[in-house]
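A.B. asks: what shape does this take:
(4 chains)
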Protein chains: 2
Amino acid sequence: MKVTIKDIAAVAGVSYSTVSKALNSSPLVQEKTKRKIITLAKEMGYKPNFAARSLVSNQTMVIGLIWPTIDRIVLSTLVTKISNEINETPYSMILSVDPVENAMETFKRFQVDGIILFEENLNASIEAESLTLLSYGVIDEGKMYPTIDPNYEKAMNMAVAYLTSLGHSKIAYVGNLSSADPMQVEKNESFNKAMQNHELPTDNNYVIDTEGLNLYDGYIAANKLLKLEDRPTVIIGGSYDLSSGIIRAISEKGLSIPKDISVMSYDNIPQMADMEIPLTCIGVPVEQLASEIVQSMIRLVENNEEISMQQFNKKMEPVLVERNSCAVPR
Amino acid sequence: MKVTIKDIAAVAGVSYSTVSKALNSSPLVQEKTKRKIITLAKEMGYKPNFAARSLVSNQTMVIGLIWPTIDRIVLSTLVTKISNEINETPYSMILSVDPVENAMETFKRFQVDGIILFEENLNASIEAESLTLLSYGVIDEGKMYPTIDPNYEKAMNMAVAYLTSLGHSKIAYVGNLSSADPMQVEKNESFNKAMQNHELPTDNNYVIDTEGLNLYDGYIAANKLLKLEDRPTVIIGGSYDLSSGIIRAISEKGLSIPKDISVMSYDNIPQMADMEIPLTCIGVPVEQLASEIVQSMIRLVENNEEISMQQFNKKMEPVLVERNSCAVPR
DNA sequence: TTGAAAGCGCTACCAG
DNA sequence: CTGGTAGCGCTTTCAA
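C.D. replies: Residues are numbered from 1 along each chain as shown, chains lettered A, B, ... in the order given. Next up, the predicted model:
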């Protein structure tokens, strides 16, 4: 049977409004009564009814996360971290794997307090309507919702700077350019810009479009690069999975990393250290990303449209982690 | 501003209980009034308030799915299909990637109408309490909740029967045995049983424990098999990803499928047809699995504990799909 | 410090 | 067929 605050009130011999206050740790209740009620509630197995609470408070304490492309595992680490992070707060997270528009619909019916959106693979532009939206993607002043941006431009600049400081100039990039995914495109453009900044040629032979983001795509791309007479001295993989494939291709050829060729990867996730060959990588540490996304979301939710959206746009700080997969070219 | 049924009632000039009925397509309202109200509701941008509705009806129309291991992508197809399937019903699905116990907690607070649980990677035994639970896993009479079972025993029997009918007797199996995942263990035991049923030896050299379920694990395992002097004539991969690795290893060795060696895979998902080499596979088609899980869940939810749980236990029918990756051994 | 009562938006019942 | 009304479980004034 369901236990309500009325049941507790009856047993405790107080009014149910007092129970409500006690359970919400209101200062308007005597410590003693409060403690008694709380103990009692636990004993009786009381579970607050969310529907009732949100009906009156107009809040659900739930954040929705839209992730339409679970088959691309790249983001699963981020999702998991975000989920963990949200669990540290009074909020809960629910996930939808539906297409963005359906997911929005579902979340709206649910009256979630806020929605987190991954821009990867997002083609349609979204109207925020009256929703509290936060996206993970590339900042664009035209957008009607705030964005947490991994700052590809800075990341690629740091990567190229690091590699040139080691003496590399034949730098290859393996990534998914043709896709409709604006984040991948931005990543590639940032690489090109970084090369120009360092007055290096953007030799088209050294930029490979994988048309996909999984291990095998990286494998194929790396094979193309290794076949060139004038090989690059270092390959930057555009994502964790691509880089896995790149490593595979290189070791299959009997080449050694970093002696024969250096490898660097975008994406800063702990798993980078556990690869066949631990990779030097660049990117915003995934924990920081998760933390910023969640904190911003919550501030956004709690500041109910008081602050202008622009103030929530945030470019993150990429970090370069050295792991011996890059050496001075010979 | 939020539109409620009262607002609609005011505009339409009817009572708000009539609006409620109209919106719920009750037969107790004149067609004309009903149509007028529905149109009006749409115009005014009315969104029903879930909290209010579930407060009175004691239902949320939401099914929770617990999936604590998103980093293992194997099940993502199933999850997606389940999500699609649920979207065809009046119910919605929400997903939690938290550990089972936390997820249960969250879902309980949410008062979801039912919870779907994947047994893969489930070690703790779960008490159903008063929840409507349905699991995808291996049927076990000791369990306190109904289970949809992919019937590994029958699947493996069909697989071995098919292969022996082609003339194979040196049949290898690549799978994850050591894991705490009861489903993987059951899969392997079913293979062994099937071999015994066909009076074939379960040569230990032919059963490889991958200790993982991804492509690379399958790749390594296949390499071990290919190194044997007395090679198997066919390899059964325990999952889609493992089989991908098996194919890779075989083609790297310059061998051809099925001329030099046959390959078969567990898992019956459409992606099997799109592999480098389309694989003959065995397993319950993922759509059927999704459909059965969702239909059972809904029946369960709607039959509120009237029917005994046993009646919901269901072993599914595996299907063998031929695709030319298995031939008569030479 | 406590209790009584209003009301969140909706469904369901009963009276007309 | 339509309207009035009780009440789902809870938070939040306002009085006592």
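
A.B. asks: most centrally placed residue in chain A?
C.D. replies: Centre of chain A computed as the mean C-alpha position; nearest residue by C-alpha atoms, centre = their mean is A:Leu78, 4.2 Å away.

A.B. asks: quick one: contacts for it?
C.D. replies: For A:Leu78, the contact set (C-beta atoms under 8 Å, 6 or more residues apart in numbering or on different chains) comprises A:Tyr136, A:Val286, A:Leu289, A:Ala290. Backbone N, C-alpha and C define where each C-beta goes, glycine included.

A.B. asks: hmm, 6 Å instead?
C.D. replies: A:Val286 (C-beta atoms under 6 Å, 6 or more residues apart in numbering or on different chains).

A.B. asks: check the gap between the residue in the stretch 151-300 of chain A that chain B sits nearest to and A:Leu225 for me.
C.D. replies: Per C-beta to the nearest C-beta, the residue of the stretch 151-300 of chain A with the smallest distance to chain B is A:Leu215, at 6.7 Å. Distance of A:Leu215 to A:Leu225, given as C-beta to C-beta, to the nearest Å: 16 Å.

A.B. asks: do the same with A:Thr147
C.D. replies: Counting by C-beta to C-beta, the gap from A:Thr147 to A:Leu225 is 33 Å.

A.B. asks: ditto for A:Ser256
C.D. replies: When C-beta to C-beta is the yardstick, A:Ser256 and A:Leu225 sit 16 Å from each other.

A.B. asks: higher neighbour count, these two?
C.D. replies: The neighbour count for A:Ser256 versus A:Leu225, taken as other C-beta atoms under 10 Å in any protein chain shown, is higher for A:Leu225 (21 against 11).

A.B. asks: so what's that one up against?
C.D. replies: Each residue near A:Leu225 by C-beta under 6 Å, 6+ apart is listed here: A:Ala172.

A.B. asks: change it to 10 Å
C.D. replies: Going by C-beta atoms under 10 Å, 6 or more residues apart in numbering or on different chains, A:Leu225 touches A:172-174, A:205-208, A:231-232, A:235, A:246, A:249-250, A:261.

A.B. asks: okay, the angle between the helix or strand hosting the residue nearest to the centre of chain A and helix B:76-87?
C.D. replies: A:Leu78 is located in helix A:76-87, with elements delineated by DSSP states H and E. Put simply, helix A:76-87 runs at 60 degrees to helix B:76-87, going by axes from the mean of the first three to the mean of the last three C-alpha atoms, to 10 degrees.

A.B. asks: helices or strands next to whichever helix or strand comes after helix A:76-87 in the packing?
C.D. replies: Read in the C-terminal direction, the helix or strand following helix A:76-87 is strand A:92-96, with elements assigned using DSSP H and E. Under the contact criterion of 3 or more C-beta pairs under 10 Å, 6 or more residues apart in numbering or on different chains; DSSP states H and E, the helices and strands touching strand A:92-96 comprise strand A:62-66, helix A:76-87, helix A:100-110, strand A:114-118, strand B:62-66, helix B:76-87, strand B:92-96, helix B:100-110.

A.B. asks: please see if the fourth one touches chain B.
C.D. replies: Spelled out, it's strand A:114-118. No - Strand A:114-118 stays out of contact with chain B when judged by C-beta under 10 Å from any C-beta of the partner chain, the minimum separation being 13.0 Å.

A.B. asks: quick check: mean pLDDT across that strand?
C.D. replies: Confidence over strand A:114-118, taken as the mean pLDDT, stands at 91.

A.B. asks: again, but for stretch A:131-140
C.D. replies: Summarised as a single mean, pLDDT over stretch A:131-140 is 88.

A.B. asks: likewise for stretch A:279-295?
C.D. replies: Taken as a whole, stretch A:279-295 carries a mean pLDDT of 96.

A.B. asks: which stretches of chain A form helices?
C.D. replies: For chain A, helices defined by DSSP state H occupy the ranges A:5-12, A:16-23, A:31-44, A:50-57, A:76-87, A:100-110, A:152-166, A:182-197, A:215-227, A:240-252, A:286-302.

A.B. asks: neighbouring contacts of the second one?
C.D. replies: By C-beta under 10 Å, 6+ apart, the surrounding residues in contact with helix A:16-23 are A:4-12, A:14-15, A:26-31, A:33-38, A:40-41, A:46, A:48, A:53.

A.B. asks: count residues in the vicinity of the closest residue to A:Gln184 other than its chain neighbours, would you?
C.D. replies: Beyond its immediate neighbours in the sequence, the residue positioned closest to A:Gln184 (C-beta to C-beta, 6 or more residues apart in numbering or on different chains) is A:Asn176, lying 4.5 Å away. Summarising burial for A:Asn176: neighbours were counted as other C-beta under 10 Å, giving 24.

A.B. asks: could you do the one 10 residues further on as well?
C.D. replies: Counted with other C-beta under 10 Å, the burial measure for A:Glu186 works out to 20 neighbours.

A.B. asks: mind checking pLDDT for it?
C.D. replies: 93.

A.B. asks: and the helix or strand of chain A with the lowest mean pLDDT, C-alpha only, in CSV?
C.D. replies: Across the helices and strands of chain A, mean pLDDT, DSSP states H and E gives its lowest value to helix A:100-110, namely a mean of 81. The C-alpha atoms that make up helix A:100-110 are tabulated as CSV, following Å, rounded to 0.1, in the frame of the first residue of the first chain:
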residue,chain,number,x,y,z
VAL,A,100,15.4,15.1,-31.6
GLU,A,101,11.9,16.2,-32.4
ASN,A,102,10.2,13.2,-30.8
ALA,A,103,12.4,13.4,-27.9
MET,A,104,11.6,17.0,-27.3
GLU,A,105,7.9,16.2,-27.5
THR,A,106,8.3,13.4,-24.9
PHE,A,107,10.3,15.6,-22.6
LYS,A,108,7.8,18.4,-22.9
ARG,A,109,5.0,16.2,-21.9
PHE,A,110,7.1,15.1,-19.0
